[in-house]
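Chemist: okay, sequence plus prediction incoming.
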Amino acid sequence: MNTGCIELRFPADARYLVLARLSLSGVAQTAGLDPETLADLKLAITEACSNAVRHAYGADGGGDMTLRIDLETDRLSVEVSDLGGGFDPTTVDDWLATALHEQGMGLSIIRSVTDNLEVESGADGIGTSVRFTKQLDRALR
């Protein structure tokens, strides 16, 4: 059962990352999330939005991203999408702590703090959607 949804569209600019985190915090109050789960989800949402800021529209920026947060009885789902230059998610290897680069680290962080991660490139290589889900420990009342 879907108990609520928030959808926001804002510029793919680092100054708006706080808006994504504040939106999640508001939903967390409704869901009764414990502080550790909230911290994990804030980290994941920051990484997903940061990827859109850094990679979607190139150095000139100029595009938007969309954030969707769905709260269901037993899970919270987040999707961050953009209409920038997509990429083939199969080309991003799992990040290793021994690696000398940061490429792919954000997706590995999201994967480590959530229960499910999906990355999808849009049709004709335009746009990327990052979706992740966190199972909630208890059903919402």
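Modeler: Received it, and whenever you're ready, just let me know what you need.
Chemist: for this structure, give me the ranges with low pLDDT.
Modeler: For the chain, the stretches with pLDDT under 70 are 1-2, 87-104, 138-141.
Chemist: strands of this structure, start to end?
Modeler: With DSSP state E applied, the chain shows strands at 2-11, 64-72, 75-85, 116-121, 126-135, listed in chain order.
Chemist: save these as CSV, and put in mean neighbour count and distance to His55 too.
Modeler: (Glycine included, C-beta is placed from N, CA and C.) Supplementary listing: the strands of the chain in CSV, determined by neighbours: other CB atoms under 10 Å; distance: least, CB to CB, whole Å:
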stretch, mean neighbour count, distance to His55
strand 2-11, 13, 15
strand 64-72, 20, 11
strand 75-85, 21, 7
strand 116-121, 15, 12
strand 126-135, 19, 8
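Chemist: these: which one's closest to Asp34?
Modeler: strand 126-135 (11.4 Å; CB to CB).
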